[in-house]
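Trainee: here is a sequence with its predicted model. Questions after.
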Amino acid sequence: MATGHPDDTATRSEEEYVETDDGTRRRRAFVDRYPDAAQIVRICLGISFLAFGVGALFGLIQALHRTNVLRIIPSSDYYTILTGHGVLLALVFTTFGIAGLFQWANTRSLGIEPPSSTLTTAWLATMVLGTLLAAGTILAGLFDAIPASADVLFTFYAPLKAHPLFYVGAALLIVGSWLAGASYFLQFREWRSANPDSRIPLQTFMVLTTMLMWYISTIGVAIEVVVFLIPWSLGLIQQVDPLLTRTLFWYFGHPVVYFWLLPAYLIWYTVLPKLSGGRLFSDPLARVVFVLFLILSTPVGFHHQYTDPGIASGYKFVAMTNTMFLLLPSLLTLFTVVASMEHGARQRGGTGYFGWLKALPWEKPAFAGIALSGIMFAAGGFSGMINAGMNINYLIHNTLWVPGHFHLTVGTAFALTLMAVSYWLVPQVTGKRLQWRGMASLQPYVWFVGMVLMSNAMHRGGLAGIPRRTAEPQYDQFSFAAVVGSVAEIRIQIAIGGTLLFVGALMFLAVMLATWTLGKPNSQLRVNGFIPEPMSGADDSPRVLDNMKLWVAIALVLIALAYGLPLYDMVADGVFLPGSPPVPA
Ligand code: HEM
Ligand SMILES: [Cu+2]
């Protein structure tokens, strides 16, 4: 299937090439049309991949350490490495990767460059400075000579305390992302003044709804850090209420998972159908899904606090119910994305109930990686439902099941989608043809197999009661009873899976480095950025869907209902005082 696929540049030359007067063909890829935006995307992706490389190395160290296969660090440094892994991957790799994807999507779908280079420099610089401070403070924990550390894990709430610079760094990373969002909105406003009556282009709609959700939800963590953790770590206040800081963190901690996921959805809805050889099934359904995430993502945070005392179970129950409602947009996504892929496959000659699957371009790294990440996400959705159930949550709470779950979601649905789409996007933002295509084609499968082994074994380990976040899960005096197989076998699977994942990460980074350095500038790219119109387009979408003010208002009301009274309970006795004394009086 090397020729004739809609992603081959030759088949879409009218989009990506223009004839010049002297009869030569001039390339019009993303980088040629929007050089400023392309540069921002390159910077963001570059930093994101760097964080990914270091984070993946830490992941390997942990996986081998926990399973007792290879120990190159003392167990006392485990939390430093684990914090580095969580922060570099779940916060830095994601935020920069998303900033790059959004800058590309907003620019491509609006058809104009970002508005202000000062604002761009400001948000990039703020995010980079924040990352350097946070990562630097974490890594300082490895060196006894440096009097700073931040072994507080990526869920940085009290009572664990970090050096103030870590919190300042985290705050700057978030403020930088706010400024990036401001830049996307200004770009949209410029487009709007030239197109007063047009529907918001789909990719921009997705970028803006996601950013609105991000603004609403990051307020929680911003208050946690600025009002409580920074003054506390500086010694300006003597104590904080751990329950309050946890609640403010989780107010942000659930929506952040949709901040990771929605950019992946953006790719699944807009790029995957095209890579499958078809078109998006329904623009209206896609808009409904993003609106549902905007209104439902935040009033669910208590589902991370089922075991916390001091929050009445009724509120936890409300959070559980809202969480189950959130299944709806994900199931809608499953339907729409699979229908679009099937349409593409049938366009390419696929037949039969399932036979059409064979007509999909599984040998193309971008398609294969995105499709595989979708399959893994479905499995992650199932284990997520167990997490969300108030009663069965107690079975797996704080066990290895939990990292088993989110390595399928953020660790694959997001991470593998970003890697895979990079095989398609990086040529378009660098102007260089993808290098080492054989390795690229194999890479998504290596990640997939590694993750099947590691995640499945983590889930099973969790059911057996093996805790997460510990360097010494063997608890010498204690033996875990396994339901099937043995704990030793679970460990080996985690070690092998983790090693394969690390190899997959290296393969990806090698392909990116080769493309960036060895690819010739101005080459013919083999891919094109053309995205076909959906089968059911924006005109079929009710106009009310584009009324973002309405959806933000509804989101705020739901948040007030879910959080108002419990937060009041926590602060009524004094903002800095724990709700109940840590020891009986
Ligand atoms: C090379 C691939 C990877 C390997 C080998 C790996 C391995 C691990 C292991 C073994 C743990 C559990 C440690 C423990 O609880 O004691 C863990 C935790 C974690 N991983 Fe990964 N991981 C990888 C990739 C990723 C990716 C791509 C992401 C996100 C984008 C991610 C996010 C996390 C987070 C957030 C935690 C929890 C940290 C905490 O408990 O504070 N990992 N990882
Ligand atoms: Cu959650």
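Mentor: Nice, I can see it. Numbering: from 1, shown residues only. Ligands and ions are numbered 1, 2, ... in the order given.
Trainee: just the element for the closest residue to ligand 1 within the stretch 201-350 of the chain, please.
Mentor: Minimum separation of the stretch 201-350 of the chain from ligand 1 (CB to the nearest ligand atom) falls at residue 260, amounting to 7.4 Å. C-betas here are computed from N, CA, C, even on glycine. Per DSSP states H and E, residue 260 falls inside helix 255-270.
Trainee: what mean pLDDT does that helix have?
Mentor: The average pLDDT within helix 255-270 is 97.
Trainee: buried stuff in stretch 437-444?
Mentor: 437, 439, 440, 441, 442, 443, 444 (16 or more other CB atoms under 10 Å).
Trainee: now do the same end-to-end measure for stretch 359-367.
Mentor: End-to-end span of stretch 359-367 (CA to CA, to the nearest Å): 12 Å.
Trainee: for it, buried residues please.
Mentor: 359, 360, 361, 362, 364, 365, 366, 367.
Trainee: which pair in those spans the largest distance?
Mentor: In terms of CB to CB, the buried residues of stretch 359-367 reach their longest pairwise distance at 359 and 365, which sit 17.7 Å apart.
Trainee: now residue 26, what's its secondary structure?
Mentor: Assigned by DSSP: H, G, I helix; E, B strand; the rest coil, the conformation of residue 26 is strand.
Trainee: show me what it is bridged to.
Mentor: residue 18 (DSSP bridges).
Trainee: how many residues are close by it?
Mentor: When neighbours are counted by other CB atoms under 10 Å, residue 26 registers 12.
Trainee: re earlier: tell me which of the buried residues of stretch 437-444 fall in helices.
Mentor: Counting by DSSP state H, the part of these found in helices is 437, 439, 440, 441, 442, 443, 444.
Trainee: how much space between the nearest residue to the fourth one once chain neighbours are set aside and residue 534?
Mentor: With sequence-adjacent residues excluded and distances taken as CB to CB, 6 or more residues apart in numbering, residue 441 is closest to residue 365, at 4.9 Å. Distance check for residue 365 against residue 534: by CB to CB, to the nearest Å, it reads 25 Å.
Trainee: likewise for residue 521?
Mentor: Relative to residue 534, residue 521 is positioned 34 Å away (CB to CB).
Trainee: neighbour count for those two, which is higher?
Mentor: Neighbour totals were compared for residue 521 and residue 534, and residue 534 leads with 23 against 9 (other CB under 10 Å).
Trainee: what residues are up against the more buried one?
Mentor: For residue 534, the contacting residues are 202, 279, 280, 281, 282, 283, 286, by CB atoms under 8 Å, 6 or more residues apart in numbering.
Trainee: neighbour-wise, give me the winner out of these.
Mentor: residue 286 (31 neighbours).
Trainee: that one touches residue 335, doesn't it?
Mentor: No: with contact defined as CB atoms under 8 Å, residue 286 does not count as touching residue 335 (11.2 Å).
Trainee: could you measure from the closest residue to ligand 1 within the stretch 101-250 of the chain over to residue 73?
Mentor: The nearest approach of the stretch 101-250 of the chain to ligand 1 comes at residue 153, 3.8 Å away (CB to the nearest ligand atom). Distance, residue 153 to residue 73, by CB to CB: 16 Å.
Trainee: just give the number of residues close to residue 553.
Mentor: 12.
Trainee: I meant to write residue 540 there.
Mentor: Residue 540: 12 neighbours (other CB under 10 Å).
Trainee: how close does it get to residue 280?
Mentor: For residue 540, the distance to residue 280 equals 12 Å [CB to CB].
Trainee: for residue 192, same thing?
Mentor: Taking CB to CB, one finds residue 192 at 23 Å from residue 280.
Trainee: same check on residue 511?
Mentor: 28 Å.
Trainee: please give the element, helix or strand, for the residue in the chain that ligand 1 sits nearest to.
Mentor: Nearest to ligand 1, among the residues of the chain, is residue 59, at 2.7 Å (CB to the nearest ligand atom). Taking DSSP H and E as the criterion, residue 59 maps to helix 35-66.
Trainee: now do that helix: which elements does it pack against?
Mentor: If you count contacts as 3 or more CB pairs under 8 Å, 6 or more residues apart in numbering; DSSP states H and E, helix 35-66 packs onto helix 30-33, helix 78-86, helix 94-110, helix 117-140, helix 415-430, helix 487-518.
Trainee: please save the CA atoms from the fifth one in CSV.
Mentor: This points to helix 415-430. Extracted C-alpha coordinates of helix 415-430, given in CSV (Å, rounded to 0.1, in the frame of the first residue of the first chain):
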residue,chain,number,x,y,z
ALA,A,415,2.1,9.3,25.3
LEU,A,416,1.9,6.9,22.4
THR,A,417,-0.5,9.2,20.6
LEU,A,418,2.0,12.1,20.9
MET,A,419,4.8,9.9,19.7
ALA,A,420,2.8,8.5,16.8
VAL,A,421,1.5,11.8,15.6
SER,A,422,5.0,13.1,15.8
TYR,A,423,6.0,10.7,13.0
TRP,A,424,3.4,12.6,10.9
LEU,A,425,3.7,16.1,12.3
VAL,A,426,7.5,16.6,12.9
PRO,A,427,8.2,16.4,9.2
GLN,A,428,5.6,19.1,8.6
VAL,A,429,7.0,21.4,11.3
THR,A,430,10.7,20.8,10.4
